[in-house]
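Asker: The following comprises the amino acid sequence and a computationally predicted model.
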Amino acid sequence: MSDVAATATDAGRVAPPRWRYPAVRRLVAIGDIHGTVSALRTALRLAGVLHPRRDEWVGGDTVLVQTGDLLDRGDTEVAVLRLLTHLQDTAGASGGAVHLLLGNHEEDAVNRPAHVPYQLARHRALAPGGPMAAALAPRLKVAIVIGDTLFVHGSLTAAMLREQLCVDYCGDDGACSTEQRLDAPTADALVVAMNVRLRRHLAGELTYPAGASQYERLESFPAVQDRTFSTPLWRGDRGEAADLSAVLDLLGVRRMVVGHTIHERITARYGGRVWCIDTGMFRQRGRVEVLEIEEPGRVSVLSAEGRRRGMTVAQGGEHAAVYLGDGYEEEFGQL
């Protein structure tokens, strides 16, 4: 199932990255790791895909999705990348697969200037076209669909797709020059374009206006920054549920799984149509949890306490506490 190795077209160009995959027997997803390989190993073993004593895939045909933010904060980010890329390369031998998504901290690291000397080597490795960025280019995606589940780091909204459609089809004066409408095939093509743009961005093939800031560059990938469906201030629908329904219908999926915003536990919103899986597992006070989806769509949460049924979380977790205002920003900076 892995498409790490890019496929060349007859014209010698690299084919668009695959981003839709069929339903699988067992699917597991883990959230933000932030350079903490010990938390990653704990999560992988909790998911049943990592050997108890060695960094070897034992998940059989299980498919793993990591929803981004592999970098920053922890001091073992190289070990995190080595472990996940090794599993991505070897899981296919037993019928499994590992999918890695772009997080805002990866995108920020790629574009962040080095302010102090000891960061210079890291910056050069992660800069567009640098050795680490180029190695990650065929491995990371902005969004993927497996069966009836969409995975993205932040949020993918219908409004975001409409804005991208306008950028792609409108003239420089902002006046739409086409009657192109946002339908299912167009939405699919827009997500393909996001993944292609990411691969080219990491490979150093894209150009930006002279002097463009990292924030202007980040605008190329709004889905990794957006918190529409995972905001820590959420206290129920404020009108965004209609957008959620629209994007799920356009992409033909049942649910969206996101990271990016730390919750006390894996939390379901909108009646189980959005699952927030960033539990701050990289923190000393964080909780390691794994989302599990099994055919025919049974959603569960795996933790050290065992497995709990997904709908229990969906019904009672919509107001679950998030790590905001408990010293998080003083300790680690912005989310």
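Answerer: Nice, I can see it. None of these values were measured; they are calculated from a predicted model.

Asker: All the helices of the stretch 201-335 of the chain, residue numbers only.
Answerer: Secondary structure of the stretch 201-335 of the chain, counting by DSSP state H, counting those that start in this stretch: helices at 214-218, 240-251, 310-316, 328-332.

Asker: Please disregard the earlier target; I meant the stretch 51-200 of the chain.
Answerer: 77-90, 104-111, 120-126, 131-136, 158-169, 184-202.

Asker: buried ones in the third one?
Answerer: Of the residues in helix 120-126, 122-123, 125-126 count as buried by neighbour count, 16 or more other CB atoms under 10 Å. Heads up, the C-betas are built off the backbone N, CA and C, glycines and all.

Asker: which other helices and strands contact that helix?
Answerer: Where contact means 3 or more CB pairs under 8 Å, 6 or more residues apart in numbering; DSSP states H and E, helix 120-126 is packed against helix 104-111, helix 131-136.

Asker: Take the ones you listed and write them to a markdown table, including mean pLDDT, distance to residue 60 and mean neighbour count.
Answerer: Converted to a markdown table, these look like this (pLDDT from 0 to 100; distance: least, CB to CB, whole Å; neighbours: other CB atoms under 10 Å):
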| stretch | mean pLDDT | distance to residue 60 | mean neighbour count |
| --- | --- | --- | --- |
| helix 104-111 | 76 | 28 | 23 |
| helix 131-136 | 90 | 26 | 17 |
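
Asker: need the helix or strand of the chain with the lowest average pLDDT.
Answerer: Using mean pLDDT, DSSP states H and E, the weakest-scoring helix or strand in the chain turns out to be helix 328-332, at a mean of 40.

Asker: if we can go back for a sec, of the buried residues of helix 120-126, closest to residue 89?
Answerer: residue 125 (19.6 Å; CB to CB).

Asker: For residue 137, see how far away the closest one is.
Answerer: Computed with CB to CB, to the nearest Å, the distance linking residue 125 and residue 137 is 13 Å.

Asker: before we move on, the earlier item: ok, the buried residues of helix 120-126 vs residue 47, which is closest?
Answerer: Using CB to CB, the buried residues of helix 120-126 come closest to residue 47 at residue 126, 27.2 Å.

Asker: I figured the closest one hits residue 132, correct?
Answerer: Yes: contact criterion CB atoms under 8 Å: residue 126 and residue 132 qualify, at 5.2 Å.

Asker: before we move on, the earlier item: got the buried residues of helix 120-126 as JSON lines, with distance to residue 78 and pLDDT columns?
Answerer: What follows is the buried residues of helix 120-126, written out as JSON lines (distance: CB to CB, whole Å; pLDDT from 0 to 100):
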{"residue": "122", "distance to residue 78": "9", "pLDDT": "79"}
{"residue": "123", "distance to residue 78": "14", "pLDDT": "79"}
{"residue": "125", "distance to residue 78": "10", "pLDDT": "85"}
{"residue": "126", "distance to residue 78": "11", "pLDDT": "80"}
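
Asker: Identify the farthest-apart pair in those residues.
Answerer: The distance between the two most remote of the buried residues of helix 120-126 (CB to CB) is 7.3 Å, for 123 and 125.

Asker: My guess is residue 129 contacts residue 206. True?
Answerer: No: Residue 129 is not in contact with residue 206 according to CB under 8 Å; the separation is 9.6 Å.

Asker: tell me, what's touching these two both at once?
Answerer: By CB atoms under 8 Å, 6 or more residues apart in numbering, residue 129 and residue 206 have no common neighbours.
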